[in-house]
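>>> Compute the structure for the input listed below.
(chains A, B, C and D)
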There are 2 protein chains.
Amino acid sequence: MYEVFFQKLNEVITLTGEEETIFRSYLLPKKLRKKQYILQEGDVCKYSIFVEKGLLRSYTVNEKGNDQIVQFALEGWWISDMYSFITGEPARYNIDALEDAELVLISYTGMEELRKRIPKFLEFSFLQMRNAYIAFEKRLFGIVNLTTEERYTELMQRCPSIGQRVPQHMIASYLGLTPETLSRARKQMATKK
Amino acid sequence: MYEVFFQKLNEVITLTGEEETIFRSYLLPKKLRKKQYILQEGDVCKYSIFVEKGLLRSYTVNEKGNDQIVQFALEGWWISDMYSFITGEPARYNIDALEDAELVLISYTGMEELRKRIPKFLEFSFLQMRNAYIAFEKRLFGIVNLTTEERYTELMQRCPSIGQRVPQHMIASYLGLTPETLSRARKQMATKK
DNA sequence: CTGTTGCATTGATTTTAATCAACGGTATTT
DNA sequence: AAATACCGTTGATTAAAATCAATGCAACAG
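Reported below is the predicted structural model:
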């Protein structure tokens, strides 16, 4: 159990057997069926979520009733409403499963205790957060500086599996486009080549 | 010296006198005149930069020759090209002073050693990174979900001093707008009220 | 098998912001 | 003090994407 989880952890830090035992006592397994929520807007985000298997997304519903996808999370990725998680305020995002999924949950206090009890995990958390920060920075850069087509191809190169596993209109939403615009952009790209 | 720096640090963690001494040995003071660069696109970002005084910005120049402002940094804020800083690759951003500034620089290895020698600083770095992450998340949310006017007012509320200290066309750039569009939006808002 | 639902595509129209261009005011420089 | 650069505003035009609407297709449920 928790194979992917510990594999990912061990890519960055090396846990002793004892540490791993401590770790396991904080982990909560959770299975999620397609379309099920793990977090709904307005609830407090109690857990930091690690995806062992499957595919999740976080999104908001805008005033017109459209989903605005904030993030996808494949196997080995983390997802949460970070702001709600650390402040305890109601979440602004929904998180649900786009495919049946197996998750590993860690509570806020669980995370705090783990960082205290296993200093290596504090280091992991720092590096993890730094990577997440850089990813956001890149995404922001892309939104400001790249064209629709460039943004789409960038995503497809970075995460080809997203293209296969997620319907196109959700990719459009993630890129901040309407489905129609993405469809036309793809057509453009196909004919250009 | 380094008053603001240690003040900010002590808001989060408490350093002993000895730790502060260690810290000081890693700090590099630097004064910057208005319009001077501390980092230019293509160079490697060698330092994590803390602003003691003054105002910096990071930006890219797009293919049309316009500045695209990524970030402002007021007193007490950190700024760098994080990606270049941790990978050693050439920076994609320029960083320069919008006002005469006093900075505190820490090198990459300096940061690493500090995190090792002073575990509290690792904790600080984690929390700092987490806040930066959340700030980015919010900004991305704003770009996707808020109108031009909402984004502008949000920024002005969050950072009123930016409005006083930064010319409007730079704020437009930060918000991802042309100066003309921001000017018109402001007019709109004024008449609406 | 048949009706329903979700999805991608395409066309026509509207909306929004970018672009191009000009003007007046202010600050800076020499 | 005169010249210059910088800045914000405004108007006219263009370009890009959103919106509205319709169609075809595939998967799925009853």
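
>>> closest point of chain A to DNA strand D, which residue?
A:T181 (3.1 Å; C-beta to the nearest atom of the strand). C-betas here are computed from N, CA, C, even on glycine.

>>> Assumed that residue was part of a helix.
Yes. Looking at A:T181 with DSSP: H, G, I helix; E, B strand; the rest coil, it is inside a helix.

>>> Give the burial count for it, as a bare number.
Counted with other C-beta atoms under 10 Å in any protein chain shown, the neighbours of A:T181 add up to 13.

>>> Low-confidence regions, chain A specifically.
A:192-193 (pLDDT under 70).

>>> Next to DNA strand C, which bits of it? Give me the list.
Contact residues (C-beta under 7 Å from any atom of the strand) of chain A with DNA strand C: A:P167, A:Q168, A:H169, A:P179, A:E180, A:L182, A:S183, A:R184, A:R186, A:K187.

>>> how far does the longest helix anywhere in chain A sit from the chain's center?
In chain A, taking DSSP state H as the definition, the longest helix is helix A:119-145. Between the centre of helix A:119-145 and the centre of its host chain there is 12 Å, according to C-alpha atoms, centre = their mean, to the nearest Å.

>>> elements contacting that helix?
If you count contacts as 3 or more C-beta pairs under 8 Å, 6 or more residues apart in numbering or on different chains; DSSP states H and E, helix A:119-145 packs onto helix A:108-117, helix A:148-158, strand B:67-73, helix B:82-87, helix B:119-145.

>>> circling back: would you turn the residues of chain A next to DNA strand C into a markdown table with neighbour count and distance to chain B?
As requested, those are exported to a markdown table (neighbours: other C-beta atoms under 10 Å in any protein chain shown; distance: C-beta to the nearest C-beta, whole Å):
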| residue | neighbour count | distance to chain B |
| --- | --- | --- |
| A:P167 | 10 | 19 |
| A:Q168 | 13 | 18 |
| A:H169 | 17 | 15 |
| A:P179 | 14 | 15 |
| A:E180 | 10 | 17 |
| A:L182 | 21 | 15 |
| A:S183 | 14 | 19 |
| A:R184 | 13 | 20 |
| A:R186 | 17 | 21 |
| A:K187 | 10 | 24 |
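
>>> nearest to A:K116, of these?
A:P167 (42.4 Å; C-beta to C-beta).

>>> show me what contacts the closest residue to A:G42 other than its chain neighbours?
Excluding its sequence neighbours, the residue lying closest to A:G42 (C-beta to C-beta, 6 or more residues apart in numbering or on different chains) is A:P90, at 4.9 Å. By C-beta atoms under 8 Å, 6 or more residues apart in numbering or on different chains, the contact list for A:P90 reads A:E41, A:G42, A:D43, A:V44, A:S84.

>>> Bridging across strands, which residues link to A:P90?
A:P90 has the following beta-bridge partners by DSSP bridges: A:V44.

>>> That one and B:W78: what is the separation?
Using C-beta to C-beta, to the nearest Å, A:P90 is found at 29 Å from B:W78.

>>> do A:I171 as well
A:I171 is 34 Å from B:W78, by C-beta to C-beta.

>>> and the two? which has more neighbours close in?
A:I171 (21 against 17).

>>> Pull the contacting residues for the more buried one.
A:Y152, A:L155, A:I162, A:G163, A:L182.

>>> From A:P179, how far off is the fourth one?
Looking back up the chat, that one is A:G163. In terms of C-beta to C-beta, A:G163 sits 15 Å off from A:P179.

>>> Confirm for me that the residue of chain A closest to DNA strand D is in contact with A:T148.
Yes. The criterion here is C-beta atoms under 8 Å, and A:T181 meets it with A:T148 at 6.7 Å.

>>> sorry, back to before: quick one: contacts for the residue of chain A closest to DNA strand D?
So A:T181 contacts A:T148, A:A172 (C-beta under 8 Å, 6+ apart).

>>> The longest helix of chain A vs helix A:148-158, what angle?
Computed by axes from the mean of the first three to the mean of the last three C-alpha atoms, to 10 degrees, the angle separating helix A:119-145 from helix A:148-158 equals 150 degrees.

>>> Excluding sequence neighbours, find me the nearest residue to A:G88.
A:V44 (5.7 Å).

>>> If you tally nearby residues, what's the number for the one you found?
15.

>>> Ok, A:V166 next?
20.

>>> ok, it - contacts?
A:L55, A:R57, A:F72, A:L98.

>>> Point out the ones among these that are inside strands.
A:L55, A:R57, A:F72, A:L98 (DSSP state E).

>>> pretty sure the second one is touching A:Y93, no?
It stands for A:R57. No. Assessed by C-beta under 8 Å, A:R57 is found out of contact with A:Y93, at 9.5 Å.

>>> More neighbours: which of these two?
The neighbour comparison of A:R57 against A:Y93 (other C-beta under 10 Å) goes to A:Y93, with 25 against 21.

>>> Perfect, that will be all.
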